[in-house]
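In: Here's a sequence, model it:
(one chain, ligands or ions: 1)
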Amino acid sequence: MLTPTIEQALNEQVNAELYSAYLYLAMAAYFSDRDLEGFSHWMNMQSQEELGHALKFYAFINERGGKNTLKAIEAPPSSWDSPTSVFEAVLEHEQKVTAMINNLVDLAIAEKDHATNIFLQWFVTEQVEEEASVNAVLQKLKLLGKDGGGLFMIDRELAGRASACPCSQPTA
Ligand code: FEO
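Out: Residues are numbered from 1 along each chain as shown. Sure, this is the predicted structure:
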């Protein structure tokens, strides 16, 4: 059984992961509008990964005999100043999610919920990977400055991001 505190915190994380999926889908739409289909594909894959994260938390709550209580998902922004500012926003968002995961681990330890603590370790590792992959794209964009040709090359590279789940197909 989950304690009410852990149950509520895990439910909040389901909402946060769904918001992440929604945010990255909004970013995919932003790139698609600018004919940067490789960037858009990358964001679509990121969005699907986040949906996968939400479903992992959802399934874990069920498995532990908890109750899933779905709340409203906040509307994400729909425009950014530039591709660089999009990736700055992604990095900032992922750092926020990392802090949330770390807080959940602290809570699981405080509540002596070892199963939840072990479950969360996958997310601790995943956040390291996510921040690194976002930062890698951001650094390339910063090096590039206003070089349009370079942007096209990054777009082609991002089009090759593999699907995170069998339900998705590359769009570029
Ligand atoms: Fe599910 Fe990108 O954190």
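
In: Could you report the neighbour count for V137?
Out: 20 (other C-beta atoms under 10 Å). Every C-beta, even on glycine, is put in place using the N, C-alpha and C of the backbone.

In: and the strand or helix carrying it, how far from the chain's centre?
Out: In the assignment (DSSP states H and E), V137 maps to helix 114-144. Remark: helix 114-144 is offset 9 Å from the chain centroid, using C-alpha atoms, centre = their mean, to the nearest Å.

In: Going by neighbour count, which residues of whatever helix or strand comes next after it are buried?
Out: Using DSSP H and E, the helix or strand that follows helix 114-144 in sequence is helix 148-158. The neighbour-count check on helix 148-158 (16 or more other C-beta atoms under 10 Å) flags 151, 154-155, 158 as buried.

In: Show me what helix 148-158 packs onto, helices and strands only.
Out: Judged by 3 or more C-beta pairs under 8 Å, 6 or more residues apart in numbering; DSSP states H and E, helix 148-158 is in contact with helix 37-63, helix 114-144.

In: Please identify the most buried of those helices.
Out: Among these, the stretch with the highest mean neighbour count (mean count of other C-beta atoms under 10 Å) is helix 37-63, at a mean of 20.

In: elements contacting it?
Out: helix 4-33, helix 83-110, helix 114-144, helix 148-158.

In: how about these in a markdown table, adding mean pLDDT?
Out: Formatted as a markdown table, the helices and strands packed on helix 37-63 follow (pLDDT from 0 to 100):
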| stretch | mean pLDDT |
| --- | --- |
| helix 4-33 | 98 |
| helix 83-110 | 98 |
| helix 114-144 | 96 |
| helix 148-158 | 91 |
